[in-house]
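1. sequence first, predicted model second:
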Amino acid sequence: MNLLQQWLDGSQDYETGRTLYEQFGENPRLKLTLSHGPTAYNKSALREELAKLLKAGKGGDVQLRVLSPADQAVLHQAEQALTHVVSRTAGLADPVVTLVADLESQWKPLYKDASTMQSLLEYAKDNTERCERSHEILNHMDKVHALWEKQAYVQAHGELPPVVELAAPAALDLTDRAAVEQARNNLRSNISKQKRNQARATEVEAWRMQVKQLSDLLKTL
């Protein structure tokens with residue numbers, strides 16, 4: 001059976017589908033976006049793209065056969081040789097893979113914490129606590145965006161981006177209704193411009209989360 005058809009007809013396990021897209025897909029930006037995990041957008045995009053690849057004739061056919069004793073002996077020898085090579089090179093990780101893994105280990109906890117804080121925002125005891133939590137969420141997402149940009153640079157160039165000294169942006173006053181509304185409008189504008197750009201799908205999803213957070217805050221100001 002065609003591998004893509006088998007996935008589409010099955011349980012549609014995300015990591016299995018992402019592996020299939022890594023093999024048969026050709027959009028490096030989408031591969032990067034999918035690597036950020038099974039968000040609602042990513043799962044939908046993955047299903048749509050694999051269906052397109054199937055329609056284009058990709059995926060091949062899988063034909064099962066029983067291995068003969070001679071084939072089994074050859075396979076066993078190959079597995080032993082591969083195990084020997086892996087054991088010798090285990091400590092020689094690809095530097096790009098190492099950098100990407102390190103960046104992921106930094107942004108994923110921040111993103112998880114921001115999502116958790118977002119879900120608990122409605123339970124803040126008063127406006128002061130809500131503002132403090134909102135500010136913390138925004139700070140987390142600023143750090144996440146910076147790490148995503150670094151990760152994209154590493155995957156494109158094989159090294160970390162050069163360090164550029166920039167002035168820190170002005171902090172958003174979460175007690176100023178006009179400033180909060182302007183920040184929300186800016187995010188909505190960004191979403192409108194980039195919502196069809198698959199390369200920035202993860203950023204768009206994060207912006208939407210921030211828009212919701214700011215909208216909830218405005219109800220209390």
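-> That came through, no problem. Numbers count the residues shown, from 1 in each chain.

2. what is the subsequent helix or strand relative to the lowest-mean-pLDDT helix or strand in the chain?
-> Least confident element among the helices and strands of the chain, by mean pLDDT, DSSP states H and E: helix 69-89 (a mean of 53). Remark: after helix 69-89, the chain's next helix or strand is helix 95-120, criterion DSSP states H and E.

3. which strands and helices sit next to that following helix?
-> helix 127-157, helix 201-218 (3 or more C-beta pairs under 8 Å, 6 or more residues apart in numbering; DSSP states H and E). Glycine gets a C-beta too; all of them are placed from N, C-alpha and C.

4. okay, buried residues for it please.
-> Within helix 95-120, the residues scored as buried using 16 or more other C-beta atoms under 10 Å are 99-100, 103-104, 107, 110-111, 114, 118.

5. Serialize the helices and strands packed on helix 95-120 to JSON lines and add fields for mean pLDDT and distance to residue 15.
-> Formatted as JSON lines, these follow (pLDDT from 0 to 100; distance: least, C-beta to C-beta, whole Å):
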{"stretch": "helix 127-157", "mean pLDDT": "83", "distance to residue 15": "18"}
{"stretch": "helix 201-218", "mean pLDDT": "85", "distance to residue 15": "17"}
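
6. winner for burial among the ones you listed?
-> helix 201-218 (a mean of 19; mean count of other C-beta atoms under 10 Å).

7. for the residue nearest the centre of the chain, what are phi and psi?
-> Against the mean C-alpha coordinate of the chain, by C-alpha atoms, centre = their mean, the closest residue is residue 36 at 1.5 Å. Here is the backbone geometry of residue 36 (degrees, to the nearest 10): phi -80, psi 0.

8. what does stretch 206-221 rub up against?
-> 111, 114-115, 118, 121-122, 127, 130-131, 134, 137-138, 141, 144-145, 174-175, 177, 180-181, 183-184, 187-188, 190-191 (C-beta atoms under 8 Å, 6 or more residues apart in numbering).

9. same question, stretch 123-141
-> For stretch 123-141, contacts defined as C-beta under 8 Å, 6+ apart pick out 110-111, 113-114, 117-118, 120-121, 171-172, 174-175, 206, 209-210, 213-214, 216-217, 220-221.
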